[in-house]
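Novice: A structural model of the following input is requested.
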Amino acid sequence: MLRSNSLLLFLCFLFEKSSPAPLHAVQPAQNQSRLGHGWPHRSMSTAGNRGANGSFQRVKRGWVWNQFFVLEEYMGSDPQYVGKLHTDLDKGDSEVKYTLSGEGAGTIFTIDQTTGDIHALRSLDREEKPYYTLRAQAVDIITNKPLESESEFIIKVQDINDNEPKFLEGPYTASVPEMSPVGTYVTKVTATDADDPTYGNSAKVVYSILHGQPYFSVEPDTGVIRTALPKMDREVKENYQVLIQAKDMGGQLGGLAGTATINITLSDVNDNPPRFSKNTFHLRVPESSAVGSAVGRIKAHDLDIGKNAEVEYNIVPGDGGAMFDIITNEHNQEGLIILRKPLDYETKKAYTFTVEASNPHLDPRFYSFGPFKDTATVKINVLDVDEPPVFSKLSYTMDVYEDTPAGTIIGAVTAQDLDAGNSLIRYSIDWKSDLDSFFDIDPVIGTISTNELLDRESKVQHNISVVATKVNNPVLTSKVTVTIHVLDVNEFPPELAIPYETYVCEGAKVGQVIQVFSAKDEDIPMIEHKFSYKSQQEEMKLKNFTIKDFGNNTAGIVTLRSGFWRRAQEIYYLPVVIEDSGYPVQSSTGTLTIRVCGFIVVLYIGVRRQKKKETLMTSKEDIRDNVIHYDDEGGGEEDTHAFDISTLRNPKAIKDNLYRRDVKPEAASIPQPLPASQDSKDLQTFISQRLQAYDGDNSAPPYDSLATYAYEGEGSLAESLSSIESLNGETEEDFDYLNEWGPGFQTLEELFEEHVQSQTDISSTSTTENKH
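Specialist: Just a heads-up that it's a prediction; the model follows:
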């Protein structure tokens, strides 16, 4: 129900000439309403719009009575009429005044205060501002008081098709693999239209392809570009340019359009095998080529690019497999032939082998395009190169004695020309290596001789350089080092190390070694000396002693018989011939003095009546505890006790650095004579020399037993005694173990056996005391 004092709004509806669905005129009673009341809605109308899926949809539009519409981009000379404001209180007597406030009031929009007509003062752009919010009011012209409360309304700018579709993401580039099937997705383009998508078809865009057929196609509604031709080959054509058009108004005639260019590239796939340009490659390689160097290049061409064009080369096992190798140059995919071993024209002049080229990266989709490999034959001819002479050895070593006469040939060098021409060779000595001209060389045969006497004391070694030159090409030379050692001349004959004087007991047996001796030589160095020993007497004349060479620069005196008797002959002289191994060989004759010793009193250890033989020495502690001491009380076992061994030694005979007999000797030592004391001279001399002799005897047992000889002291009437135990006549003593102690105790064994034999008639209870 309309109230009489309501302000009526006369809405003026303007319609675009091109609108497919123009609005119907509204009855005057329906175009006005009282101000301050709710605005009744007008009936709904629809307009076309394209949905997200590309299909055409109808969009509902709601028209309300509190809205005015003004056409955008109005280009008329007069202000554009928008609408009319009216109130029932206006009687037409000009007592009511209409006012306008809000967005654009007075600047964009104006109102006739008397009639209420609203006009737009200038052209409007919907894309700049789609609507304006304003407020209207009717006031008393006299009192200037509002007749009604202020009412708000909207002036909406009505869209026209004044914007073409635009591609905002250009420029466009895309790629698609070659050989792709029809319909393969390439890329998608999108165009935007600034017009109102809710009004008419101004913003409805349709895509089409203007250039790029028959290779590609575009979906009209989505702008998706796809391949339209199967098996496009990159090797035939790689780049394509496609022109896409976007047109509004649903693509109808009169619609605005925009275009975009898409550059499409076919990406490579491995659809081409490598191929050699020819079946056979001929190469020439000098024989002087260095091992490891590239001696040739071959190439298999692949029409693909990138990793699809990578080629691997291999030599098929055959003639050249051991001499050559092949690798791939990563920059240009060439096959580099590498020399593995030195070439020799004189040995082999040509090589032939097969090379295979293949793709390492294969695509299973294109196996049918294969095989992805190819082969070619490589023939290499070796070129002869004139080379320097070659010596038969890398270096030469020669020896010459310092007293060698000048002109003596001391050795020779040999060089050959291995080239086919086989040139003659001439030899010479590099003067820088032999400034004093000690040596000369035969230029034809290469023999080296001395120019003068050499002095080893001045220079022990000479290093000279021998040069070999080819006669037909003197530029080609070779050098070799010759080392010449100056050897020392053997000037001094060997001689006995000391004047040996040894003893043989009357009870010595045949084959017994009674003395070990050695020799010395004044020549240097002594470490190189090798001595040999032999008796000067003829074999048939040797009756008493002979010489045994031990082969370690020592020798021994060996008895040839037994039964030596001091009273018959006290001294024997044995000549010995000593030779060294030097140049020239030097020899000398020395004399060994051998004395026969008579009755000797000796202490021995461990003489017992038991049949079971005990070990000579069970431990180091047993040495002292088993020494038996005899005094004037007799030889009973109750009188034995342990004592300090130092009390048995003659203080005059004690010397520094005495040899130990409880430790295994590590090396043979040269015996040295010990001076005899005034008391018991024969005994002390014999014991000392025998002790040293057996210390140097390599054939002696590993450990010698301890034998102690008691010393009574100076001025004693009893002199020294041995620890000979009284025997019991009822038992038989076994002295066989004395023989196990070594040759040095054979005499002692014989003495005891004779002693036992002489006591067989004496009562077993009696005790015999021997004083010496």
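Novice: domain ranges for this protein?
Specialist: 67-158, 166-267, 275-383, 390-487, 495-609 (the TED database).
Novice: let me have those in CSV, extended by mean neighbour count, mean pLDDT and distance to residue 686.
Specialist: Heads up, the C-betas are built off the backbone N, CA and C, glycines and all. What follows is the domains of the chain, written out as CSV (neighbours: other CB atoms under 10 Å; pLDDT from 0 to 100; distance: least, CB to CB, whole Å):
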stretch, mean neighbour count, mean pLDDT, distance to residue 686
domain 67-158, 17, 88, 142
domain 166-267, 17, 92, 112
domain 275-383, 16, 92, 76
domain 390-487, 15, 92, 45
domain 495-609, 16, 82, 5
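Novice: how about those, which one is nearest residue 687?
Specialist: Of all these, domain 495-609 sits nearest to residue 687, with 8.6 Å by CB to CB.
Novice: so who does the closest residue to residue 217 other than its chain neighbours touch?
Specialist: Leaving out its chain neighbours, the residue that sits closest to residue 217 by CB to CB, 6 or more residues apart in numbering is residue 228, at 4.3 Å. For residue 228, the contact set (CB atoms under 8 Å, 6 or more residues apart in numbering) comprises 182, 213, 214, 215, 216, 217.
Novice: how much space separates the third one from residue 514?
Specialist: When you say that, I think you mean residue 214. For residue 214, the distance to residue 514 (CB to CB, to the nearest Å) stands at 125 Å.
Novice: swap in the second one?
Specialist: According to CB to CB, residue 213 stands 127 Å off from residue 514.
Novice: and if you look at residue 122?
Specialist: For residue 122, the distance to residue 514 equals 152 Å [CB to CB].
Novice: same thing with residue 302?
Specialist: Separation of residue 302 from residue 514 (CB to CB): 97 Å.
Novice: how about the CA coordinates for stretch 270-277, as PDB?
Specialist: The C-alpha coordinates for stretch 270-277 follow below in PDB (Å, rounded to 0.1, in the frame of the first residue of the first chain):
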ATOM      1  CA  ASN A 270      66.500 -41.700 -29.300                       C
ATOM      2  CA  ASP A 271      64.900 -42.800 -32.600                       C
ATOM      3  CA  ASN A 272      68.100 -42.800 -34.700                       C
ATOM      4  CA  PRO A 273      71.100 -45.200 -34.400                       C
ATOM      5  CA  PRO A 274      74.700 -44.100 -34.900                       C
ATOM      6  CA  ARG A 275      76.100 -44.600 -38.400                       C
ATOM      7  CA  PHE A 276      79.600 -44.500 -39.700                       C
ATOM      8  CA  SER A 277      80.100 -42.300 -42.800                       C
END
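Novice: what residues does that stretch touch?
Specialist: By CB under 8 Å, 6+ apart, the surrounding residues in contact with stretch 270-277 are 178-179, 233, 235, 298-304, 308, 311, 357-359, 361-363, 366, 369-376.
Novice: sitting in strands, which of the residues you listed do you find?
Specialist: 298, 299, 300, 301, 357, 358, 373, 374, 375, 376 (DSSP state E).
Novice: closest to residue 136 among those?
Specialist: The closest of the ones in strands among the contacts of stretch 270-277, once distances to residue 136 are taken by CB to CB, is residue 301, at 85.0 Å.
Novice: now that closest one, nearest residue through space, not along the chain?
Specialist: Residue 301 sits nearest to residue 275 (CB to CB, 6+ apart), 5.8 Å away.
Novice: please apply the same query to residue 184.
Specialist: Going by CB to CB, 6+ apart, residue 184 has residue 227 as its nearest residue, at 4.5 Å.
Novice: so how far is residue 216 from that neighbour?
Specialist: Distance from residue 227 to residue 216, by CB to CB: 6 Å.
Novice: repeat for residue 358
Specialist: 35 Å.
Novice: please apply the same query to residue 325.
Specialist: Residue 325 sits 49 Å away from residue 216, going by CB to CB.
Novice: and if you look at residue 362?
Specialist: For residue 362 relative to residue 216 (CB to CB), the value is 29 Å.
Novice: now swap in residue 425 and tell me
Specialist: Separation of residue 425 from residue 216 (CB to CB): 80 Å.
Novice: equivalent analysis for residue 343, please.
Specialist: 59 Å.
Novice: and if you look at residue 321?
Specialist: From residue 321 across to residue 216, the span is 52 Å (CB to CB).
Novice: SS state for residue 574?
Specialist: strand (DSSP: H, G, I helix; E, B strand; the rest coil).
Novice: quick one, longest helix in the protein?
Specialist: If you go by DSSP state H, the chain has its longest helix at helix 681-695.
Novice: what are the boundaries of the helices in the chain?
Specialist: 622-625, 681-695, 736-740, 746-758.
Novice: I figured residue 178 was touching residue 267, is that so?
Specialist: Yes: counting by CB atoms under 8 Å, residue 178 sits close enough to residue 267 to count as a contact (6.7 Å).
Novice: joint contacts of these two?
Specialist: Common neighbours of residue 178 and residue 267 (criterion: CB under 8 Å, 6+ apart): residue 234.
Novice: residue 156 reaches residue 134, doesn't it?
Specialist: No: using CB under 8 Å, residue 156 is not in contact with residue 134, being 11.4 Å away.
Novice: please enumerate the shared neighbours of those two.
Specialist: Counting by CB under 8 Å, 6+ apart, residue 156 and residue 134 have no contacts in common.
Novice: so who does the spatially closest residue to residue 251 that is not a sequence neighbour touch?
Specialist: Take residue 251 and drop its neighbours on the chain: the residue closest to it by CB to CB, 6+ apart is residue 206, 3.5 Å away. Residue 206 sits next to 220, 221, 246, 247, 248, 250, 251 when contact means CB under 8 Å, 6+ apart.
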